[in-house]
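S.K.: Need coordinates for the below:
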Amino acid sequence: MQTAWIAGVFAVTCLAVGAFHVVRAARRHAGVVGELAHGTMCAGMAAMFLPAADPLPRPVWFGAFVAIGAWFTAVALRRGPRVREAGHHVVCAGAMVFMLVVHAPVVAVDGLVT
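M.R.: Below is the predicted model of the structure:
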C-alpha cells in the first residue's frame, strides 16, 4: 500500500511525543501520573498505527486504558469540577478503549475471514 509510510510517520511521531511525556514525568513534573498516562496513550496510538510492531497483546492495552480511565475518574469525583485535566484523561482513556474495541483484529474461522 502506498500510504503505509504515513502510518509509520504517525507512529514515530506518537512515540516521540510519548517519550517527551515520559521525560517530563522522570523530571518530576507536577502531574507525574498525567504525564505517564499521556505517554501510555501515545504508545498505544503508535501501536494502533503499526499493529505489526506492537509488542503488547490487546488485553494489556485494554487494561492499561481502563486503569487510566478509572484512576482519573476517581480523581475527578474526589476533587470536583475544578480539575479539568482529570476529565480530559477520562475522555482520552475512553477513546482509546473504544478504538481497541471497534478496531478488533480480523479473525479467520474455517478459512473464512470475518
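
S.K.: just the helices in the protein please.
M.R.: 4-26, 32-49, 58-79, 84-102 (DSSP state H).

S.K.: Work out the gap between the shortest one and the centre of the chain.
M.R.: The one in question is helix 32-49. Centroid separation for helix 32-49 versus its chain: 5 Å, with Cα atoms, centre = their mean, to the nearest Å.

S.K.: Kindly report the same for the third one.
M.R.: In terms of Cα atoms, centre = their mean, the centre of helix 58-79 is found 11 Å from the chain centre.

S.K.: Can I get that helix in PDB? Just the C-alpha atoms.
M.R.: What follows is helix 58-79, C-alpha atoms only, in PDB (Å, rounded to 0.1, in the frame of the first residue of the first chain):
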ATOM      1  CA  ARG A  58      -4.500  -6.200  23.200                       C
ATOM      2  CA  PRO A  59      -5.700  -7.200  26.700                       C
ATOM      3  CA  VAL A  60      -2.700  -5.400  28.200                       C
ATOM      4  CA  TRP A  61      -3.500  -2.200  26.300                       C
ATOM      5  CA  PHE A  62      -7.200  -2.600  27.300                       C
ATOM      6  CA  GLY A  63      -6.300  -3.000  30.900                       C
ATOM      7  CA  ALA A  64      -3.900   0.000  30.900                       C
ATOM      8  CA  PHE A  65      -6.500   2.300  29.400                       C
ATOM      9  CA  VAL A  66      -9.300   1.100  31.700                       C
ATOM     10  CA  ALA A  67      -6.900   1.700  34.600                       C
ATOM     11  CA  ILE A  68      -6.100   5.200  33.400                       C
ATOM     12  CA  GLY A  69      -9.800   6.000  33.000                       C
ATOM     13  CA  ALA A  70     -10.700   4.600  36.400                       C
ATOM     14  CA  TRP A  71      -7.800   6.500  38.100                       C
ATOM     15  CA  PHE A  72      -8.800   9.800  36.600                       C
ATOM     16  CA  THR A  73     -12.500   9.200  37.200                       C
ATOM     17  CA  ALA A  74     -11.700   8.800  40.900                       C
ATOM     18  CA  VAL A  75      -9.600  12.000  40.800                       C
ATOM     19  CA  ALA A  76     -12.400  13.900  39.100                       C
ATOM     20  CA  LEU A  77     -15.000  12.700  41.600                       C
ATOM     21  CA  ARG A  78     -12.800  13.400  44.600                       C
ATOM     22  CA  ARG A  79     -11.600  16.800  43.500                       C
END
